[in-house]
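Q: no sequence for this one, just the structure:
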């Protein structure tokens, strides 16, 4: 590990430890509420956003700074991970636009259940978990694996902390939504859609041969 990568990793480790600890504390002491923050101007906002945004940047920084292979993954696998990373970022941007900036940052502008939100209750966080998993594989760096794992943990904890908050705001509508749509990925619906897509060309071909 280079000197720069070592420094970035140390800073990232400290930021990750602080952020994960605060999120876990919020789970045990809801009144702390580091996420969702009470709003602009609160001490939680001043603490959470620098740590959160800083860890996002530091994950990419350490992935670029440390070029020492850790697991010795093949190039094709790292390239595939890079492609999936780009696709996941695109889906994250789309879901961010659907939900809206304010709602994404903890506002109460209405419960969004359409579009991509029919497939997952948390498309932004779900896609970002994939992003950082792919980033770690693409970099194949020990420090990147650790910081990306911490970042993925942060996104999962944020989802768990949001759920009671959303239930308190939207009540029965949110409860019914949770019953219809899974927290992260709607694998069952995806399988049904894939089967339908697979059968359609087969039926068309059979119909054509029959004629």
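A: Right, received. Where do you want to start? The model shown is predicted, which means the values in this text are computed figures rather than measured ones. Numbering: from 1, shown residues only.
Q: do you know how far residue 159 is from residue 152?
A: Counting by C-beta to C-beta, to the nearest Å, the separation of residue 159 from residue 152 is 11 Å. In this view, the C-beta of every residue, glycine as well, is placed from N, C-alpha and C.
Q: Which residues belonging to the host helix or strand of residue 143 are considered buried?
A: Per DSSP states H and E, residue 143 falls inside helix 142-170. For helix 142-170, burial by neighbour count (16 or more other C-beta atoms under 10 Å) applies to 142-148, 150-159, 161-162, 165-166, 170.
Q: Now do the SS call for residue 37.
A: With DSSP: H, G, I helix; E, B strand; the rest coil as the basis, residue 37 sits in coil.
Q: how much space between it and residue 160?
A: When residue 37 is compared with residue 160 (using C-beta to C-beta), they lie 16 Å apart.
Q: same deal with residue 125?
A: For residue 125, the distance to residue 160 - C-beta to C-beta - is 10 Å.
Q: can you pull out the helices in this structure?
A: Taking DSSP state H as the criterion, the chain carries its helices at 3-28, 43-65, 75-99, 101-104, 123-139, 142-170, 172-180, 187-210.
Q: quick one, what contacts the nearest residue to residue 115 once chain neighbours are set aside?
A: Spatially, and ignoring its direct neighbours in sequence, residue 115 is nearest to residue 98 (4.9 Å; C-beta to C-beta, 6 or more residues apart in numbering). By C-beta atoms under 8 Å, 6 or more residues apart in numbering, the residues touching residue 98 are 112, 114-117, 123.
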